[in-house]
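Student: Take a look and give me a structure for this.
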Amino acid sequence: MGLIKHTLAFAAAASVTAIMALAPAHAAGNPLGVDDGTHLTLWTRVITQARADALVQAYNASHKNHIDVTYVPTDEYQTKIGAAAAANSLPDLFSADVVFMPNWTSAGLFQDLTDHITSMPNIQNVAQAAINSSTWDGKKYGMPFVVDLSVWMWNKSLFKQAGLDPDKGPANFDEFIADARAVQKLGGDSTAPSSPGRAAAASCSPTGRSHGRTASRS
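Tutor: Numbers count the residues shown, from 1 in each chain. Okay, here's the model as predicted:
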């Protein structure tokens, strides 16, 4: 990628902020960058496509800059990011589940966006938990992209067979482990690797900027 640094921000009508990645250098005196027709590459998981498509289309329709998005099969995403990082071929932007942010930020995959994020107008209205999860060693590396809800699910019939309260699911990870082990003791076809069960994926996928070019926020 070239040394010219631009900045990027997506915005959708119904969202406070969708995705943002900002470069370290102020472009043309504007800390949020320029809108000069630059093409920017974005990787995200297939599981986010329905919402990401709307954000990308909204950005592309309102800017000269253009986002070229690649949807990677969810199960292959971490491997692809790792391989691209090793080959120094990461896209301009990529989304990341919050559980991977500490590892990826500490590994230097993202660019420090602290000054740009803190100087954003109305930054106080952006989900701070997502920004905090993208902060490493006092520096901010990402903004919220897609927010999901994680939920616990359990099989009441199996709970009852295992002597557990079928109307009370696990409230924390320790209870989850204890309940799963109780169900596992039933043996036979009553157990599964995810017993007593967990559904829904990431709670939030911040997106950070890797390297290369990005665009202006409007």
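
Student: Every contact and neighbour count from this point should use C-alpha atoms.
Tutor: Will do.

Student: what's the distance between residue 73 and residue 180?
Tutor: Distance, residue 73 to residue 180, by CA to CA, to the nearest Å: 29 Å.

Student: Could you check which of these two has the larger neighbour count?
Tutor: residue 180 (22 against 13; other CA atoms under 10 Å).

Student: Am I right that the more buried one sits in a strand?
Tutor: No. Membership of residue 180 in a strand is not supported by DSSP: H, G, I helix; E, B strand; the rest coil, which gives helix.

Student: got a pLDDT number for it?
Tutor: Residue 180 carries a pLDDT score of 89 in this model.

Student: Which parts of this protein are strands?
Tutor: In the chain, the segments counted as strands under DSSP state E are 8-10, 19-21, 39-45, 66-72, 93-95, 135-136, 139-140, 142-147, 151-152, 198-199, 204-209.

Student: If you rank every helix and strand of the chain by mean pLDDT, what lands last?
Tutor: Each helix and strand of the chain was given a mean pLDDT (mean pLDDT, DSSP states H and E); the minimum falls on strand 198-199 at a mean of 32.

Student: other SSEs contacting the top helix by length along the chain?
Tutor: The helix of greatest length in the chain, counted in residues with DSSP state H as the criterion, is given as helix 49-62. With contacts taken as 3 or more CA pairs under 8 Å, 6 or more residues apart in numbering; DSSP states H and E, helix 49-62 sits against strand 8-10, strand 66-72.
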